[in-house]
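**Student:** just the structure for this:
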Amino acid sequence: MSVGELLEQIAEVGLDPETRGYHRFSYSGADVQMRDWFVRQALARGFRTETDRNGNLWATRGDGPYLVTGSHLDSVPNGGAYDGPLGIATAFAALDLVDQQRDVAVVAFAEEEGSRFGVACLGSRLATGAIDPEQARRFEDRNGVSLEDTLGAVGIDAGELGPDPERLDRIESFIEVHIEQGRGLADVDSPLAVAASIWPHGRWRLDFNGRPDHAGTTRMDDRQDPMVAFAGMVLRLTEQAQALAARATFGRVHVTPNATNAIPSRVSAWLDARAATDEDLIVLIDSVSARNGVEMSAESLTAAVTFDPNLRDRISALLGGPPLLSTAAGHDAGILSTYGIPTAMIFVRNPTGVSHSPDEYASPEDCDAGVEALAKLLNEL
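**Tutor:** Next up, the predicted model:
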């Protein structure tokens, strides 16, 4: 079965009919449907399936150690059709072409985007011990529902969250296929690239406090308006990021009391910051923390990742020398690499250069190239 046919089976799951974007948040109804689809595909190919203690979904064949592939099923709000599911569909399509005696596994990591509970790659972070499970149990979504209660509602015991070394030690290596999330391949005569590294990145919550008051009767000189402080921070960070060739994004803001005719008492904003080096990221974040009147707390932080050079070079040779790309997008592959598992990524060309958007795209021909490449790697590594 082709990648296109597999993706067509889930094309309506979580789809917004107006924007044509996807809303597949972890453990939502749409996510449950995606997980059911994963299980059906795995069982149809003779795999065993299991949800681990951290909500990650596994399909295994053989006794291991396993050559593992896969990605994630959740999406950002109004996301595209390829970010995550392409890696899962490619895995199943490639397995149709792989030696049936090979001990292989497919994994769908939970809450990769962090769109529901705020921490990206949460399933892989929990499994590798990169995040405190007690802290994770208290995470809440925007409706105030905790991760602990959410997991209980789908039959997962949140008391079991935490490091899973026995499972991870049975991974021989991990290869993730993912749509390229930028223009690294858009203007290159190659449908695929091999990942070289992942930029350091993180998420921070910033709280700007002020004094609530009337929008009409309060003179401008008498105001303590946190929105003004926030707006100034956005401009300063934008300039700093441009100077460092880094990235700084405020994509989520909460205003209290959020009334048109009231001066806010508080503005809470979430910063996504990324840079080519750990040192540049520190410079960028220090420019925020040095500002008085800003309460700042880190929600996640990932250091720079350089993928296993031996595995990377071997894959590159097997695939005929495709381009090597560094990416500023975070992935579960980066978390596993930091843990010490030999890890690699294959990027599939995105001619739009757009991701986290309905405009995200990969051609059927390029998707097929990804399947052929993964099948070759699964057979020959």
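**Student:** got the buried residues for stretch 12-25?
**Tutor:** V13, G14, L15, G21, Y22, H23, R24, F25 (16 or more other Cβ atoms under 10 Å). Just so you know, the C-beta spots here come from the backbone N, C-alpha and C atoms, and that holds for glycine as well.
**Student:** surely M34 and V13 touch.
**Tutor:** Yes. Using Cβ atoms under 8 Å, M34 makes contact with V13 at a distance of 5.9 Å.
**Student:** joint contacts of those two?
**Tutor:** R24 (Cβ atoms under 8 Å, 6 or more residues apart in numbering).
**Student:** where do the helices sit along this structure?
**Tutor:** With DSSP state H as the criterion, the chain has helices at 3-9, 29-44, 85-95, 122-128, 133-137, 147-153, 165-168, 226-244, 278-289, 309-318, 332-339, 364-380.
**Student:** pick out the shakiest of those helices, pLDDT-wise.
**Tutor:** For the helices of the chain, mean pLDDT drops lowest on helix 278-289, to a mean of 91.
**Student:** could I have the CA atoms of stretch 133-150 written out in CSV?
**Tutor:** The C-alpha coordinates for stretch 133-150 follow below in CSV (Å, rounded to 0.1, in the frame of the first residue of the first chain):
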residue,chain,number,x,y,z
PRO,A,133,7.2,12.3,35.8
GLU,A,134,5.7,14.0,38.9
GLN,A,135,6.0,17.3,37.2
ALA,A,136,4.4,15.9,34.0
ARG,A,137,1.4,14.5,35.9
ARG,A,138,0.5,18.0,37.0
PHE,A,139,0.6,19.5,33.4
GLU,A,140,-2.7,21.0,32.4
ASP,A,141,-4.2,21.8,29.0
ARG,A,142,-6.0,25.0,28.3
ASN,A,143,-9.2,23.8,29.8
GLY,A,144,-7.4,23.0,33.1
VAL,A,145,-7.5,19.2,32.6
SER,A,146,-4.4,17.6,34.0
LEU,A,147,-2.3,15.0,32.1
GLU,A,148,-2.9,12.6,35.0
ASP,A,149,-6.7,12.8,34.5
THR,A,150,-6.4,12.8,30.7
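**Student:** give me the contacts around it.
**Tutor:** Stretch 133-150 has contacts (Cβ under 8 Å, 6+ apart) with F25, S26, Y27, R116, F117, G118, V119, L122, L126, A158, L161, G162.
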